[in-house]
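S.K.: Here is a sequence with its predicted model. Questions after.
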Amino acid sequence: MSGGSLRWRLLLAGAISSLVAVLIAAALLILLFQRHVAASIDNELNVHLDQLIAGLGRTPGGEIAVLQEPTDARFRKPLSGLYWQVRVDPDGPVDRSRSLWDFALALPQSDGSQSDLRHVSLPGPGGSTLYALQRHVELPRTMGGGEVDVAVALDAAELQSATRRFAGILVPSLLLIGVLLGAAAFAQVTIGLRPLSTLRTRLASIRAGRAERLGESFPDEVQPLATEIDSLLSARADQVETARRRAADLAHGLKTSLQVLSGEARSLREKGDMEAAENIELLAETMQRHVERQLAQARLAPKTGTVRTEIAPVVERVRRVVGKTPRGAEVNWSVDIEPGLAARIDSQDLAEALGNLLENAVRHARTRIDITGRAEGGKAHLSVTDDGPGIPENQYDAVLRRGERLDETGDGAGLGLAIVGDIVEAWDGALRLSDNAPGLAVHVVLPLAEAG
């Protein structure tokens, strides 16, 4: 796919949007998970904090101490990651969990509010960072009064470790989702662009002559475009038909005037003005040939996808007409057309081309004309050969080249082959010549028609 491909642009946009969506989803999910874990840790630390406060009392010696420790076994395991500490007054004695071993937490000073509950980050044992809850507590008079700061802390690495474990599970899942989103985008783009592919295929069929219009089986978003194209094709067909009629009318008008001009030349010849008569006849003959060619082109039928003409009946019909001419009756005819051979060409256009080919062959043949037809390589091959003097091979291109005539080089072959070339080209065919030793072989190649 090229950089200008609509499919490539849509897929690239889909991939970028899917990637951005997956990254945003990953960030949000990890953030939500961190908040969920933090809330869970807060709840856990609050429970431990309440147990710690409930276990406060005075020793027989009158000192404030934790008489009943929280029940979690990690408080009794050194450096377990879960710790508590009680400080009596800012400069008073400190009581702490066994898990702290010989390390004391540097608790920040409290403002003395009974409801002061702080989330603090503290340095912990072994260079660790602790996430702690701290509360300032005023003891009741029944316990002899006094103030204490109570804190419960958890190693922050556990929160980070939980986040990493969650991300390790999340990332492969999001990658799978990204792959699925990419596949879904590819399927969506493929299905979404399929009508455009169908449109292109049908346009190719119209160009090849297999169809006339796009039709109305497109989605609502594409159908207006197809309708406009069909309207344009209809308008173009009307314009072509109008132009063909005008060209035919013009050619017929010129042909009538030329006939009058030829009559005037005969009158001059009868009066003895030979030079003027010859000049007029030469000009009239040249103009007549151009008119004949324009008439042949104007009579060409418009190409359609359903046209189909069997070659053998048309060949036989034209051969009978040409065979009744004085020269045609003198030659031997051989016709070998493959049964059922059909070409995608209008029958009248094929008859026009065959008429020119056979007239040309009759004019130059000595004793024999052969007509053969075969299907080969998806094409219909029709050949007309004669045993006449032929044409020099170095003049083949000049004969078939548009705008050049053998009659202009002195061979006197007229416009027959030029007219045939126009007709064959109009139906996506080809015309070529070859040496028949002796004589000339003219080969017409036409698109093979589908079976009827």
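M.R.: Here it is on my side, so go on.
S.K.: pLDDT averaged over the one helix or strand D249 maps to - what is it?
M.R.: Using DSSP states H and E, D249 maps to helix 223-270. Helix 223-270 shows a mean pLDDT of 79.
S.K.: got it, and stretch 431-441?
M.R.: Computed over stretch 431-441, the mean pLDDT rounds to 86.
S.K.: same deal with stretch 45-61?
M.R.: Per-residue pLDDT over stretch 45-61 has a mean of 86.
S.K.: And for stretch 142-149?
M.R.: Looking at stretch 142-149 alone, the average pLDDT works out to 78.
S.K.: ok, and what's touching it?
M.R.: 56-58, 62, 64, 86-89, 107, 110, 112, 134-139 (CB atoms under 8 Å, 6 or more residues apart in numbering). For glycine as for every other residue, the C-beta is placed from the backbone atoms N, C-alpha and C.
S.K.: can we see that at 6 Å?
M.R.: 58, 64, 86-88, 107, 110, 136-139 (CB atoms under 6 Å, 6 or more residues apart in numbering).
S.K.: what ranges do the helices span in the chain?
M.R.: Using DSSP state H, the helices found in the chain span residues 6-54, 156-208, 223-270, 274-298, 311-323, 347-364, 396-400, 416-426.
S.K.: could those go into JSON lines alongside distance to E216 and mean neighbour count?
M.R.: Putting these into JSON lines (distance: least, CB to CB, whole Å; neighbours: other CB atoms under 10 Å) gives the following:
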{"stretch": "helix 6-54", "distance to E216": "23", "mean neighbour count": "14"}
{"stretch": "helix 156-208", "distance to E216": "11", "mean neighbour count": "14"}
{"stretch": "helix 223-270", "distance to E216": "6", "mean neighbour count": "13"}
{"stretch": "helix 274-298", "distance to E216": "33", "mean neighbour count": "16"}
{"stretch": "helix 311-323", "distance to E216": "36", "mean neighbour count": "17"}
{"stretch": "helix 347-364", "distance to E216": "31", "mean neighbour count": "22"}
{"stretch": "helix 396-400", "distance to E216": "43", "mean neighbour count": "16"}
{"stretch": "helix 416-426", "distance to E216": "29", "mean neighbour count": "22"}
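S.K.: Turn the ones you listed into CSV, columns for distance to V120.
M.R.: Below are the helices of the chain laid out as CSV (distance: least, CB to CB, whole Å):
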stretch, distance to V120
helix 6-54, 11
helix 156-208, 11
helix 223-270, 68
helix 274-298, 98
helix 311-323, 100
helix 347-364, 98
helix 396-400, 99
helix 416-426, 93
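S.K.: closest to E330 out of these?
M.R.: helix 347-364 (8.6 Å; CB to CB).
S.K.: pLDDT of that closest one, averaged?
M.R.: Mean per-residue pLDDT for helix 347-364: 89.
S.K.: Which neighbouring elements make contact with it?
M.R.: Here helix 347-364 touches helix 311-323, strand 379-386, helix 416-426, going by 3 or more CB pairs under 6 Å, 6 or more residues apart in numbering; DSSP states H and E.
S.K.: This completes my enquiry, with thanks.
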